[in-house]
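Asker: A predicted structure for the sequence below; I have some questions about it.
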Protein chains: 2
Amino acid sequence: MAHDERRLEVLRAIVQDYVSTNDPVGSKALAERHDLGVSPATIRNDMAVLEEQGYITQPHTSAGRVPTDKGYRLFVDRLSAVKPLSVAERRAIERFLDGAVDLHDVLGRTVRLLAQLTRQVAVVQYPSLSRSAVRHVEVVQVAAARLLLVLITDTGRVEQRVVDCPVDVDPESVRELRTLLNSAFTGAKLADAGAKVPDLLETAPTHLRGLVATVSATLLETLVEPSEDRLVVGGTANLTRGNALDFPGTVRPLLEALEEQVVVLRLMSEVDASTVLVRIGEENAHEALTSASFVSVGYGSADRALGGLGVVGPTRMDYPTNMAAVRAVARYVGHLLAES
Amino acid sequence: MAHDERRLEVLRAIVQDYVSTNDPVGSKALAERHDLGVSPATIRNDMAVLEEQGYITQPHTSAGRVPTDKGYRLFVDRLSAVKPLSVAERRAIERFLDGAVDLHDVLGRTVRLLAQLTRQVAVVQYPSLSRSAVRHVEVVQVAAARLLLVLITDTGRVEQRVVDCPVDVDPESVRELRTLLNSAFTGAKLADAGAKVPDLLETAPTHLRGLVATVSATLLETLVEPSEDRLVVGGTANLTRGNALDFPGTVRPLLEALEEQVVVLRLMSEVDASTVLVRIGEENAHEALTSASFVSVGYGSADRALGGLGVVGPTRMDYPTNMAAVRAVARYVGHLLAES
DNA sequence: GCCTGGCACTCTGTCCGTGCGAGTGCCAGT
DNA sequence: ACTGGCACTCGCACGGACAGAGTGCCAGGC
């Protein structure tokens, strides 16, 4: 029916205008700025219907209309085409990320890049430990009865733990231990590492049993502990951009949630690498984020997402552009980490 | 002269009142809240002198007085005693920092602790590479012609770099290389490491020369590069606390400067571990920080500062408390890193 | 049946004038 | 040298008037 179609067109126009002007948009302005082929009065009727259906709302009588969360949702799902990035932007991504010297650097550059590209707050998760594989385990003796355990994953992430042993350890044992651990764990997915411990304990020479047990315990703790998942945040200054209406009250709770990390990590846990996930306003199910939207996607090769990255901003954001930027950056980071 | 003394007392009272109430303070309120033993009229005369000397100013005619940067400076230098931390606070520091599992964790906890204690933005610098000593160098072969170099310092910091070799490397050479590097560098201050390279090259067996040269080059790059100094920032949500007057305009430039890191690191480069450094407003010589104060101190043992930490907030801050907190936390972190 | 032009209505943001309160500076008196 | 008193200056909060934007509704046209 031509009706419904035009009504959606009106909704799209409202979203686009509101996103770009930051003012509630009225029927007259809409008719002027878009070729809808109908008069303001007709648009008003459509808007009345859209409002009744819950897609738009007016801040107060006799102001223009503003999209609701539901309206943005419809817009994202059905009314927007993902905007391809310009050549200049693609090149910027490459130039920005190439030349990174280590994982920390890669993620730091990524977060700055995303923040700059989208003009929103960017978040990047460290490659998940449990989804990585062990590249190398290193044991360093730092004192007679104290060892430093260093775990290097194939994504370049490095974890370290100090292990206090009940008795002194001689250097030869350290060497054996290193060999033992590496042959047991190297190449294994960290998620599977736990299963290898009993085996390892059995095959270990008797004089190393105790040591292996102590060290394995710490190692497992390191691997399993998912709370240790890290997050890099950047571009928080972008929160102060734009209208005060974007975040009712203040940006304070949002800043706190971003520092809390746990909140964002939980949201990020749902991502996969194939589709860009958009959570709008109330959909976020966390108080501090109810007036914000979260656009995220997993990075890594298709079969396993190493982690997630995304941007956080006001619900009034340019979804097509941000989704495109997030996806493009994730792809590039995925390649970068896969080949290193 | 009794005059001057009372005048300073008035200045102290003004600073204290203004910090706690956030309102320009007038002569009447001052007389009521402090036992200065004189009438408001007298205080007014003193205030007129203080204003003429540049220690205080009035936002507009017929509002109370507000301390200037110069006023705060005098207050910090001569009028304030460092307020000792309460037992509860000391205990909080211990409880908060104990149980950290690695360096990243220590610094993360530190920054959260400082932010919470002072209700300001907290910054903590990673232990400086050049002032640390090498604990261990690890070489891991990740491909035929690609090595991963891992450097572990005595402060628990871990740096890693990928090295691409011109020719394939056999595993035996990797083992020799590891031994070689460790015997050359272990225990050496990173600042001195550069000097050891020529020696190393000479003593290296002929078949390893090329490899050692390549690897050393990357290693040196890692060590010397001071731009890689890292910063942990926390408590940015505290910027939105307090009056809008605290930061004229917005907090935006400040947030940007904090993310820039370079700016803060430069300020931090001057700290040493013995005295708490306070930079007030314009003293900061960076545009974004001219309406902010920076309280910092070095941590580490007395003879060598490993890095700096501090807080950033409005010039209108509680200097004695913040200085005490910064110093106490720095001491504790210093101990923690020294013993690990 | 759908669209359009017109019209009355409502509401907000803004501007302006007023009054009030806080605070000052100055002066004369002790 | 300090104090009380007094006139003066502003900023700010309050309130009314006004203009502008936008709506809902209705009657008429295609």
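Answerer: In hand now; what should we look at? Numbering: from 1, shown residues only, chains lettered A, B, ... in the order given.

Asker: Hmm, A:Thr240 is touching B:Leu255, no?
Answerer: Yes. With contact defined as CB atoms under 8 Å, A:Thr240 counts as touching B:Leu255 (6.9 Å). Where you see a C-beta, it was placed from the backbone N, CA and C, and this is true even at glycine.

Asker: after the top strand by length along chain A, next one along is what?
Answerer: In chain A, ranked by residue count with DSSP state E as the criterion, the top strand is strand A:134-143. Sequence-wise, the next helix or strand downstream of strand A:134-143 (DSSP states H and E) is strand A:146-153.

Asker: Now the next helix or strand after that following strand - C-alpha only, PDB.
Answerer: Counting by DSSP H and E, the next helix or strand C-terminal to strand A:146-153 is strand A:158-164. Only the C-alpha atoms of strand A:158-164 are listed here, as PDB (Å, rounded to 0.1, in the frame of the first residue of the first chain):
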ATOM      1  CA  VAL A 158      50.800 -11.300  27.100                       C
ATOM      2  CA  GLU A 159      49.700 -12.300  30.600                       C
ATOM      3  CA  GLN A 160      52.000 -12.600  33.600                       C
ATOM      4  CA  ARG A 161      51.700 -14.000  37.100                       C
ATOM      5  CA  VAL A 162      54.000 -14.300  40.000                       C
ATOM      6  CA  VAL A 163      54.100 -17.800  41.600                       C
ATOM      7  CA  ASP A 164      55.300 -18.300  45.100                       C
END
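
Asker: hang on, A:Phe298 is in a strand, isn't it?
Answerer: Quick fix: residue A:298 is Gly, not Phe. Yes. Membership of A:Gly298 in a strand is supported by DSSP: H, G, I helix; E, B strand; the rest coil.

Asker: Could you tell me how many residues sit around it?
Answerer: The number of residues packed near A:Gly298 is 26, by other CB atoms under 10 Å in any protein chain shown.

Asker: Same check on A:Ser274?
Answerer: 10.

Asker: mind checking which helix or strand it is in?
Answerer: Going by DSSP H and E, A:Ser274 is not in any helix or strand.

Asker: now do A:Arg209
Answerer: Per DSSP H and E: helix A:209-224 holds A:Arg209.

Asker: contacting residues for the nearest residue to A:Val101 once chain neighbours are set aside?
Answerer: Distances taken as CB to CB, 6 or more residues apart in numbering or on different chains put B:Arg161 closest to A:Val101, at 6.0 Å, once the chain neighbours are dropped. B:Arg161 sits next to A:101-102, B:148-149, B:218-219, B:221-222 when contact means CB atoms under 8 Å, 6 or more residues apart in numbering or on different chains.

Asker: The longest strand of chain A and chain B, are they touching?
Answerer: Yes. On the criterion CB under 8 Å from any CB of the partner chain, strand A:134-143 is in touch with chain B at A:135-136, A:138, A:140, A:142.

Asker: centre of the chain versus that strand, how much separation?
Answerer: 30 Å (CA atoms, centre = their mean, to the nearest Å).

Asker: Just want the angle from it to strand B:134-143.
Answerer: 160 degrees (axes from the mean of the first three to the mean of the last three CA atoms, to 10 degrees).

Asker: Run me through the strand neighbours of strand A:134-143, direction for each.
Answerer: Here strand A:134-143 has these sheet partners by DSSP bridges: strand A:146-153 (antiparallel).

Asker: Go ahead and name everything in contact with the partner strand.
Answerer: Outside strand A:146-153, the residues that touch it by CB under 8 Å, 6+ apart are A:127, A:129, A:132-142, A:158-165, A:169, A:174, A:190, A:215, A:218-219, A:222-223, B:135-136, B:138, B:140, B:148, B:150, B:152, B:158, B:160.

Asker: so how far is B:Lys70 from A:Leu107?
Answerer: 43 Å (CB to CB, to the nearest Å).

Asker: next one: A:Val139
Answerer: From A:Val139 over to B:Lys70 (counting by CB to CB), the distance is 57 Å.

Asker: Equivalent analysis for A:Tyr18, please.
Answerer: With CB to CB as the criterion, A:Tyr18 and B:Lys70 are 48 Å apart.

Asker: who has more neighbours, those two?
Answerer: Ranked by neighbour count (other CB under 10 Å), A:Tyr18 and B:Lys70 place A:Tyr18 first, with 20 against 17.

Asker: so how many other residues sit close to the closest residue to the more buried one other than its chain neighbours?
Answerer: Distance criterion CB to CB, 6+ apart; nearest residue to A:Tyr18, sequence neighbours excluded, is A:Val25 at 5.4 Å. Burial measure for A:Val25: 25 neighbouring residues, criterion other CB under 10 Å.

Asker: Beta-bridge partners for A:Val25, please?
Answerer: A:Arg65.

Asker: so the closest residue to A:Glu138 other than its chain neighbours bridges to which residues?
Answerer: Spatial nearest neighbour of A:Glu138, chain neighbours left out: A:Val150 (4.1 Å); criterion: CB to CB, 6+ apart. Taking DSSP bridges as the rule, A:Val150 bridges to A:Glu138, A:Gln160.

Asker: what does chain A have sitting close to DNA strand C?
Answerer: The interface of chain A toward DNA strand C, taken as CB under 7 Å from any atom of the strand, is made up of A:2-3, A:6, A:37-39, A:41-42, A:45, A:60-63.

Asker: repeat that for 6 Å
Answerer: Applying CB under 6 Å from any atom of the strand, we find that chain A lies next to DNA strand C at A:38-39, A:41-42, A:45, A:60-62.

Asker: and stretch A:3-14, average pLDDT?
Answerer: Averaging pLDDT along stretch A:3-14 gives 90.

Asker: same check, this time on stretch A:176-184
Answerer: Computed over stretch A:176-184, the mean pLDDT rounds to 88.

Asker: And for that stretch, what's in contact with it?
Answerer: Counting by CB under 8 Å, 6+ apart, residues outside stretch A:176-184 touching it are A:136-139, A:196, A:199-200, A:204-205, A:208, A:211-212, A:215, A:219.

Asker: Just the buried subset of the residues you listed, please.
Answerer: A:136-139, A:200, A:204, A:208, A:211-212, A:215, A:219 (16 or more other CB atoms under 10 Å in any protein chain shown).

Asker: Near A:Arg175, how many other residues are there?
Answerer: By other CB under 10 Å, 12 other residues sit near A:Arg175.

Asker: I meant A:Val163, not that one.
Answerer: 19.

Asker: in stretch A:141-159, what counts as buried?
Answerer: Neighbour count says stretch A:141-159 has A:141-142, A:147-159 buried, by 16+ other CB under 10 Å.

Asker: Could you report the distance from A:Glu282 to A:Tyr72?
Answerer: Taken as CB to CB, the span from A:Glu282 to A:Tyr72 is 11 Å.

Asker: So those two - more neighbours on which side?
Answerer: A:Tyr72 (26 against 14).

Asker: what are the phi and psi angles of that one?
Answerer: Listed backbone geometry of A:Tyr72 is phi -60, psi -40, with angles given as degrees, to the nearest 10.

Asker: Who are the contact partners of the closest residue to A:Lys28 other than its chain neighbours?
Answerer: Leaving aside its chain neighbours, A:Lys28 sits nearest to A:Pro40 (4.8 Å; criterion: CB to CB, 6+ apart). By CB under 8 Å, 6+ apart, A:Pro40 lies in contact with A:27-28, A:30-31.

Asker: Doesn't A:Ala312 lie inside a helix?
Answerer: For the record, residue A:312 is Val, not Ala. No. Looking at A:Val312 with three-state DSSP, it is strand, so not inside a helix.

Asker: Lovely, talk soon.
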